[in-house]
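Enquirer: Kindly return the folded structure for what I paste below:
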Amino acid sequence: MNYLSYICMTESYRNMILVFGGTTEGRKAVEVLEEAGHVYYYSTKTGEQDITLHHGIRVDGAMDADKMASFLHEHHIRLLIDAAHPFALQLHQTIIKTAQELEIPIIRYERIYPKRDSRLTWIDDYSQVPADMKTLLATTGVQSISKLKHLETQGVHVIYRILPRLSSISLAKKQGANEKQLCYYSGNIASNGSFMCQGEPIEADAILMKESGLSGGFQEKVDNALSKGMRVIVLKRPQWSTNKVAFTTVNGPYGLRRAVEQLLPDFFPLKSGLTTGTCATAAAIAATIRLVKNEMPKEVPVRLPNGETINIAVSYGADYAYCIKQAGDDPDVTDGIEIRASVRDSDHFEINGGYGVGRFTLPGFDYPPGEAAINRSPRQMMRENIKENVAVTIIVPDGEEVARKTFNPRLGIVGGISIIGVSGIVKPFSEEAFINSIRKCMEVAKASGTDRVVINSGAKSERYVRTLYPSLPYQAFVEYGNYIGETLKIAEENGIGHIILGVMLGKAVKLAEGHLDTHSRRVTMNRSFIKRMLEEAHCETTADYTLARELWQVIPKEKIEVFSHVVISHCYQHCKPLVPHAKLTILLIDDDGTIHSL
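Expert: From the prediction side, this is the model:
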């Protein structure tokens, strides 16, 4: 029995997912599911897609309804993800029929489609392809060759662009295509904008393509063809009925993850959340719909910065709409707060910060001091999602109180929380969020004009170190938590000239051994290494200790300074290479606030 088979047997049956892929969307689905660390199945018709699966089990070969039903039952599948090609109509119908019979929910991972361009000729099936051209370049795949042979009988020279696979070439010739008609797809359009065939530009009056969406390179092919004066004929994507089967549609990785979290709660160990920027955008969209259409939908579609759209629940007050902030499993003091938006008619679009939204008082942000602390990405999201000329005011009733528990006071943001978020979604990786906060603090510290930055693990160590640097501005003190290495790298990137690292003994003994992330889930106190440092300081002791800080009582007082120098020297050895262009000072802090240095 191989490893994956064993894992599969020990997995909870309720966690089993089957993905129908073979596409770009299939790849994206894999990237999302791999984050969970659970086994899942990935199915393709031909097995020719090059894809790496760490936790996934590959299943190749076409499935009819009976084979699919048997597989779903045998492997205890509880959720289907249909990420197959939009034109794989038979497969989609089989998935829907089988899922309905077995009462299994489906997530359809759809593509993002641009608005239909009136300059193009749109058709519903191949019989509608006009024959009033000399040469047609057909990019609709090998399966469409037999459906286009009627054009050849009407005098149209058809060039078929297919994948350079032996199976595709063989199928093309079986359908009557000769070698001169075949052009092999070799990736993206050439940099000069030409359609290429065996290294030579293709001369054609018209091009036939499928409405394959942005991930299928549709827009690039359209733009290129129009620039060449070619007529563009597009086969519309098929539509299918979902009947009564549970069917959730997503068009991006964030929406997929949120859908899996909802339909199969145990698959991901941690749940994702929404940024304050996304919540503010959802509230603003809802308030605008209410103003313009006099409607109050329970959910509104929000287009995220990556182009995908997710639906977000909203509610309404007397003259505003609001969204409840969801942090997921990422620790966030803003979790559960109400973010409101009120809108009024205007002759232009504008965004304002009301009560509970902070104000910038220092440089170093997207906007100058005095502006509302609504960052660039949320502003762009609101502008792209709201097409009306309205004045939007964002209000956070508990914002001022909640902000006291955030980094905002340190960053010089007063009066409330920040409306932030680059992606629009909070992944449940508090490390990433914390490191991003460190980066912003460092940028503000640099913008404050200080020539020194003091990094420390938290409020206690900062309180002790601050007494040494009473003239430094508040913004010059940056908390690193456990991420010492990342903080030093960020300081180096920002060109900080002098870095003072304050560290207490519990983290220092880990750092001295070379652990730049001192979190207890990654590294624990190494007694053997501490013993070597004690020997180096000539202060061996037989006294027992459980925590590193107890060493302050165990070590003879006359040896404390020597031992401190040994610890600091080891820390310096690992930290200095990260800040080659800066002066580095390391301060070891005793439990009573005594500070040791070299």
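
Enquirer: Would you agree Ile586 is in contact with Cys571?
Expert: Yes: with contact defined as C-beta atoms under 8 Å, Ile586 reaches Cys571; the gap is 5.3 Å. Where C-beta positions appear, they are placed from N, C-alpha and C, glycine not excepted.

Enquirer: tell me, what's touching those two both at once?
Expert: Residues touching both Ile586 and Cys571 (C-beta atoms under 8 Å, 6 or more residues apart in numbering): 501, 503.

Enquirer: For the stretch 401-550 of the chain, which residues score under the pLDDT cut-off?
Expert: Residues of the stretch 401-550 of the chain meeting the criterion pLDDT under 70: 428-433, 520-521, 546.

Enquirer: go with 80
Expert: For the stretch 401-550 of the chain, applying pLDDT under 80 flags the ranges 407, 410-411, 427-434, 436-437, 458-460, 474, 519-522, 524, 540-547.

Enquirer: Check which element follows the worst-scoring helix or strand of the chain on mean pLDDT along the chain.
Expert: Scoring the helices and strands of the chain by mean pLDDT, DSSP states H and E places helix 3-10 at the bottom, with a mean of 42. Using DSSP states H and E, the helix or strand that follows helix 3-10 in sequence is strand 17-20.

Enquirer: Tell me the spacing between Phe365 and Val302.
Expert: Going from Phe365 to Val302 by C-beta to C-beta, to the nearest Å gives 24 Å.

Enquirer: How about Arg532?
Expert: Relative to Val302, Arg532 is positioned 56 Å away (criterion: C-beta to C-beta).

Enquirer: out of these two, which sits in the more crowded spot?
Expert: Neighbours were tallied for Arg532 and for Val302 using other C-beta atoms under 10 Å; the higher tally belongs to Val302 (26 against 15).

Enquirer: The more buried one: helix or strand, and which one exactly?
Expert: Residue-wise, Val302 maps onto strand 299-303 under DSSP H and E.

Enquirer: okay, that strand in PDB with CA atoms only?
Expert: Presented in PDB, the C-alpha positions along strand 299-303 are these (Å, rounded to 0.1, in the frame of the first residue of the first chain):
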ATOM      1  CA  GLU A 299     -26.200  39.600  -0.800                       C
ATOM      2  CA  VAL A 300     -24.200  41.800  -3.200                       C
ATOM      3  CA  PRO A 301     -21.500  40.700  -5.800                       C
ATOM      4  CA  VAL A 302     -18.100  42.300  -5.000                       C
ATOM      5  CA  ARG A 303     -15.400  42.200  -7.600                       C
END
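
Enquirer: which helices and strands sit right next to that strand?
Expert: Here strand 299-303 touches helix 276-293, strand 309-313, helix 376-385, going by 3 or more C-beta pairs under 8 Å, 6 or more residues apart in numbering; DSSP states H and E.

Enquirer: ok, 6 Å please
Expert: Other elements packing on strand 299-303 under the criterion 3 or more C-beta pairs under 6 Å, 6 or more residues apart in numbering; DSSP states H and E are helix 276-293, strand 309-313.

Enquirer: For Cys323, grab the count of nearby residues.
Expert: If you count neighbours by other C-beta under 10 Å, Cys323 ends up with 27.

Enquirer: okay, it: pLDDT?
Expert: The score at Cys323 is 97. That number is its pLDDT.

Enquirer: show me where the stretch 451-598 of the chain has strands.
Expert: 452-456, 477-479, 498-504, 583-589, 595-596 (DSSP state E, counting those that start in this stretch).

Enquirer: Give me the buried stretch members for the third one, please.
Expert: In other words, strand 498-504. Residues of strand 498-504 classed as buried: 499-504 (neighbour count, 16 or more other C-beta atoms under 10 Å).

Enquirer: and Thr524, how many neighbours?
Expert: A count of neighbours around Thr524, defined by other C-beta under 10 Å, yields 9.

Enquirer: I misspoke; the intended subject was Tyr41.
Expert: For Tyr41, the neighbour count with other C-beta under 10 Å is 21.

Enquirer: quick one: which helix or strand includes it?
Expert: In this structure, Tyr41 sits in strand 40-44 according to DSSP H and E.

Enquirer: Over to Lys28?
Expert: Element membership for Lys28 (DSSP H and E) is helix 24-34.

Enquirer: Thanks a lot, catch you later.
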